[in-house]
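# what follows is a predicted structure for the sequence shown.
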Amino acid sequence: PQGLPPPRQLHADYSHRLHRNQVAQGHHNFVVGGAHGRYRDYGGTLVEVPEEVYAVRKAALTVLDPITYCWLFLTFGFSTSVALGAAKWTSKMEKLPYWLIFLPAWASHLGIVLMHILSARALSKFISEANENRQRQDSTDHLDRVEYLPLLQRSLKFGLKTGILCFIIFVFEVLLFIRLCRPTAITLAETYIPLWILTIVFIGNGLVCKSQHFLHSLIWVLVFTAMVLSVLRTDYEMDDIILTSHIVLVIIALLAIISGILIYIVHGHQIGYYKLTESQLTAGVFYSASSFLAILLVAIMGDAVSLPELIQLDLLLIIVILAPIVVALTGFGAYLVTRDEFDRLLKYGGQSAVMPMRLRLEADGWTSVASRGAVTIPMFGDVKYEPLDVETAERLSIELCGPCCCYPAEEDDELPYFHRADNYQSPTPPNAMAATAQWGGSEAPIV
């Protein structure tokens, strides 16, 4: 394009930050530098990463690459363990020992530990090479760190999260194994100790720190409620007061909320509000299928589903089949999102994108209004969103009988002129001012 010099003419060690700023200013379709392959993003924009920037990112992401496979280990290990556990619970394989049931899950934890060791070795190697590069007279570390520092931060954050969560789950598995083998050795409340800590942290994070949506906090409250009811029923022998159906209803309500959120996200992508990548969309379909099957599974296990006598189905066999499928769909979806995030970091870097904000003229002057941007959704990663235009929102509301009313839509500001002499007069007519995104008095997305 005209007015955009090649990166090698700008500087011998071209910084991709300038390149990204030029993209934000309107230079959308162009190819610069390098021979490592051309990338076409989900919106159709052709972007090729310069060789120098690509090399720095690829070296930094060697820290993240091994731990992106953690979901694969968890998927295979937990799917196998859940299948074996369901077979024993339904008496299909009643004599199956508990250690054999937990063995695949423990093996998956061992694989995760190995992946973290490989990640730590990659980090040590990268730091050593960066220190050597910093000592040379022709060092480019002052430019390279713009790219590799955000990537290292993201890699360390992801590794720390996966490590802590896997450790908590492993401790819970060990306690559950002890509980199943020797029921009198440990109570159910003591078995839940790792989960108590996890749920309390997430509930406090949502209610006190306000760092997550209300629905996310509600999900963890329902998890906590189901655990409390199961402890009261089992440890305190309150069978007459707390029925199994009560716990099943809480779990179904929990899964219903998750399903509703997933439908909101996938449907939002279909109408143009969320801008999911192909991997995120596929993961959303997997998550949705998994949540629906999980509701059916819990209903069958809780005897909430009864079939007519004419229909002869082995519900216990269905439980054995559905249980590993639910885990596998969730695990593969999470793996797709993780690898998609890895590819996105390799293409675009780890720096936070700067989203332009609209301006709105008010009585006190111009005010910036957040409209399109990006939001971090659990199990989806960073997702871009953009309010629907007025025509699209009205058309979809008519065609779909109003389900789009829960998505933010742009509304034109109709502001009168200020006639007082001391007020600033805008040269732009009020009916031509920038549109703002409104939804139920809030400008934030649901997730």
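Okay, I see it.
# which one is S139 nearest to, not counting chain neighbours?
N133 (5.5 Å; CB to CB, 6 or more residues apart in numbering). C-beta: built from backbone N, CA, C; applies to glycine.
# try F380
With CB to CB, 6+ apart, the residue lying closest to F380 is Q280, at 5.4 Å.
# in this structure, where is pLDDT below threshold?
Residue ranges of the chain with pLDDT under 70: 1-49, 307-310, 312, 353-355, 369-370, 398-405, 411-447.
# cutoff 90 now
Applying pLDDT under 90 to the chain flags residues 1-55, 131-146, 204-215, 237, 239-240, 271-272, 302-315, 346-376, 384-447.
# longest helix of it?
helix 141-181 (DSSP state H).
# and it, what does it pack against?
helix 16-24, helix 51-60, helix 70-89, helix 98-135, helix 188-191, helix 193-207 (3 or more CB pairs under 8 Å, 6 or more residues apart in numbering; DSSP states H and E).
# report the angle between the axes of it and helix 51-60?
30 degrees (axes from the mean of the first three to the mean of the last three CA atoms, to 10 degrees).
# number of nearby residues for E237?
10 (other CB atoms under 10 Å).
# could you check how far the residue nearest to F380 is from K157?
Separation of Q280 from K157 (CB to CB, to the nearest Å): 19 Å.
# pull the number of nearby residues for A105.
A105: 23 neighbours (other CB under 10 Å).
# do the one 5 residues further on as well
A count of neighbours around L110, defined by other CB under 10 Å, yields 12.
# same check on I241?
I241 - counted by other CB under 10 Å - has 11 other residues nearby.
# out of Q280 and K157, which sits in the busier spot?
Under the neighbour definition other CB under 10 Å, Q280 and K157 were set side by side, and Q280 has more, 26 against 11.
# ok, the more buried one - contacts?
Q280 sits next to L336, V337, D340, F380, G381, V383 when contact means CB atoms under 8 Å, 6 or more residues apart in numbering.
# helix, strand, or coil at it?
helix (DSSP: H, G, I helix; E, B strand; the rest coil).
# and it, how far from I178?
39 Å.
# for I271, same thing?
For I271 relative to I178 (CB to CB), the value is 50 Å.
# same question for V113.
21 Å.
# returning to that earlier point: from memory the residue nearest to S139 sits against R145, does it?
No. The pair N133 / R145 is not scored as a contact, 10.2 Å apart, by CB atoms under 8 Å.
# before we move on, back to that, and the helices and strands packed on helix 141-181: which comes nearest V266?
Across the helices and strands packed on helix 141-181, the minimum distance to V266, taken as CB to CB, is reached by helix 70-89, at 20.0 Å.
# now that closest one and helix 98-135, what's the angle there?
170 degrees.
# so which elements touch helix 70-89?
helix 98-135, helix 141-181, helix 315-348.
# ranking the ones you listed by burial, who's on top?
When those are scored by mean count of other CB atoms under 10 Å, the highest mean neighbour count falls to helix 315-348 (a mean of 19).
# name the helices or strands packed onto the very next helix or strand once past that helix?
The helix or strand immediately downstream of helix 315-348 is strand 358-362, counting by DSSP states H and E. With contacts defined as 3+ CB pairs under 8 Å, 6+ apart, strand 358-362 has these neighbours: strand 365-369.
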